[in-house]
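Visitor: quick check, what structure comes out for this input:
(one chain, ligands or ions: 1)
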Amino acid sequence: MNETLVNNQNHRITLADTGQSFECGNDDVLLRSALRNNVAFPYECNVGACGNCKFELIEGEVDAKWPEAPGWTAKDRERRRYLGCQSVPRGDCTIKLRPNPHYAPIHQPKRVTGTFMSRRPVTHDIAEFRFELSDDMWFEPGQYALLTLPGVSGQRAYSMSNIVQGSHAKVLDFQVRRVPDGQGSNALFGTLAAGQQIEIDGPYGMAYLRRNVKRDILCLAGGSGLAPMISIARGVAADPGMQGVKLNFLYGGRTPRDVCGRDMLEVLENFGKHLHFDAAVSHAGDGEQWGGHTGFVHELAESMFGDRLRDMEIYFAGPPAMGQAIQKMLLARNVSFGQVHFDQFY
Ligand SMILES: Cc1cc2nc3c(=O)[nH]c(=O)nc-3n(C[C@H](O)[C@H](O)[C@H](O)COP(=O)(O)OP(=O)(O)OC[C@H]3O[C@@H](n4cnc5c(N)ncnc54)[C@H](O)[C@@H]3O)c2cc1C
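Guide: Here you go, the predicted model:
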């Protein structure tokens with residue numbers, strides 16, 4: 001038999017007790033195949049860290065793509081529990097998993113070829129990378145995609161900072177922070193040349209703009225969390241159905257030179273009327289000029305809005321410590337988590 005046929009086999013994955021099943025190739029993983037087939041498989045990070053996509057393997061065999069994934073414990077192995085985002089089927093399987101309609105994809109994810117077009121600096125350690133796609137990829141503001149980068153093991157999740165404009169869904173912009181010694185971010189900053197092609201798989205993520213909710217919006221971004229919040233602000237500005245909605249955008253940086261985002265919002269029509277930008281830095285420093293707020297972004301949000309937070313739709317993105325501090329503050333303020341949206345970064 002031809003080797004390509006042997007290498008590209010599809011297997012049937014059956015969800016015990018639900019009557020649902022879907023096909024998964026051995027070039028894909030269970031989570032993403034399920035979503036491609038409209039099966040509402042719960043997940044969050046898609047990169048082996050959060051553990052939200054665990055399922056129990058009842059029958060059949062899977063290979064774990066990344067056995068050291070932080071979200072996969074020794075106890076999971078004993079109990080035949082696997083991560084959906086890391087599991088490649090060896091044959092037909094039966095799994096135990098409770099699909100949750102919350103995770104039903106608005107746009108079914110797909111794999112396309114992305115050609116690296118350009119890079120522009122945003123701060124001293126964040127740059128924006130533009131890719132043109134071989135095929136349309138529709139997405140909602142706030143969603144992310146998985147990039148397969150040359151020489152990097154596994155995929156990396158990066159959020160789109162742009163929005164789909166009209167019927168043009170062939171461009172993705174990512175704003176990436178260069179992580180010291182990070183494989184993926186350094187491949188983007190260092191090795192990728194203009195014209196080079198990579199695989200991009202998406203869209204994913206549940207922290208997307210809720211267009212049907214008309215209350216005021218608060219976007220909180222820190223560090224590498226800029227992109228999805230910028231996309232949400234752009235999405236609100238471009239949506240005629242959201243014209244009366246107020247959006248406050250707060251950015252938290254370590255030092256003044258980390259602060260960014262204002263220039264991207266100032267060009268939007270509603271800036272200064274319905275759209276406002278503020279920033280806080282945790283280390284104002286001695287030598288640098290900083291006339292803005294000092295402290296963490298969750299402290300700024302609390303001092304600016306207090307009990308009004310309960311009446312806002314809240315989106316946030318950034319480093320895990322920032323995410324935890326925001327959640328703790330919102331919990332203490334009795335904000336309902338139905339109106340809070342985030343995909344934790346890892
Ligand atoms: C939902 C989401 C959205 C994100 N959006 C952004 C964004 O817009 N901008 C931004 O700068 N960063 C974003 N990140 C963080 C980004 O994905 C990377 O974690 C970050 O760039 C560091 O990656 P690195 O390869 O440079 O560092 P590394 O230390 O080399 O890699 C760390 C990341 O890679 C994963 N990983 C490592 N090895 C493997 C493997 N073998 N297989 C699979 N996964 C592996 C880890 O789980 C971790 O996420 C996002 C993360 C998530 C989860």
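
Visitor: report pLDDT for the nearest residue to Ser87 once chain neighbours are set aside.
Guide: In space, Ser87 comes closest to Val62 once its chain neighbours are excluded; the distance is 4.1 Å by C-beta to C-beta, 6 or more residues apart in numbering. In this view, the C-beta of every residue, glycine as well, is placed from N, C-alpha and C. Here the pLDDT value assigned to Val62 is 98.

Visitor: now Thr4
Guide: pLDDT, read off for Thr4, is 43.

Visitor: cool, Gly291 as well?
Guide: 87.

Visitor: list the contacts for it?
Guide: By C-beta atoms under 8 Å, 6 or more residues apart in numbering, the contact set of Gly291 is empty.

Visitor: confirm it sits in a strand?
Guide: No - remark: Gly291 does not belong to a strand; assigned using DSSP: H, G, I helix; E, B strand; the rest coil, it is coil.

Visitor: separation between it and the ligand?
Guide: To the ligand, Gly291 is 27 Å away according to C-beta to the nearest ligand atom, to the nearest Å.

Visitor: for the residue nearest to Ser87, grab the count of nearby residues.
Guide: By other C-beta atoms under 10 Å, the residues close to Val62 number 25.

Visitor: wait, it sits on Leu30?
Guide: Yes - look at Val62 against Leu30 with C-beta atoms under 8 Å: they come within range, at 7.1 Å.

Visitor: what is in contact with the two at once?
Guide: Tyr82, Ser87, Val88, Pro89, Cys93.

Visitor: of these, which is the most crowded?
Guide: Ser87 (27 neighbours).

Visitor: got a list of what that residue touches?
Guide: Contacts of Ser87 by C-beta under 8 Å, 6+ apart are Val29, Leu30, Leu31, Phe55, Val62, Asp63, Ala64, Lys65.

Visitor: bridged to it, which residues?
Guide: Ala64 (DSSP bridges).

Visitor: in the stretch 151-300 of the chain, which segments are predicted with low confidence?
Guide: Scanning the stretch 151-300 of the chain for pLDDT under 70 picks out the ranges 286-288.

Visitor: please, where are all the helices along the stretch 51-200 of the chain?
Guide: Along the stretch 51-200 of the chain, counting by DSSP state H, counting those that start in this stretch, helices occupy 74-78, 183-186.

Visitor: quick one: list the elements packing against the longest one.
Guide: Packing partners of helix 74-78 (3 or more C-beta pairs under 8 Å, 6 or more residues apart in numbering; DSSP states H and E): none among the helices and strands.

Visitor: list the buried residues for it?
Guide: Asp76 (16 or more other C-beta atoms under 10 Å).

Visitor: residues contacting it, please?
Guide: Residues contacting helix 74-78 (C-beta under 8 Å, 6+ apart): Lys54, Arg81, Tyr82.

Visitor: so what's the residue nearest the centre of the chain bridging to?
Guide: By C-alpha atoms, centre = their mean, the mean C-alpha position of the chain lies nearest to Tyr144, the distance being 3.8 Å. Beta-bridge partners for Tyr144, by DSSP bridges, are Ser159, Tyr204.
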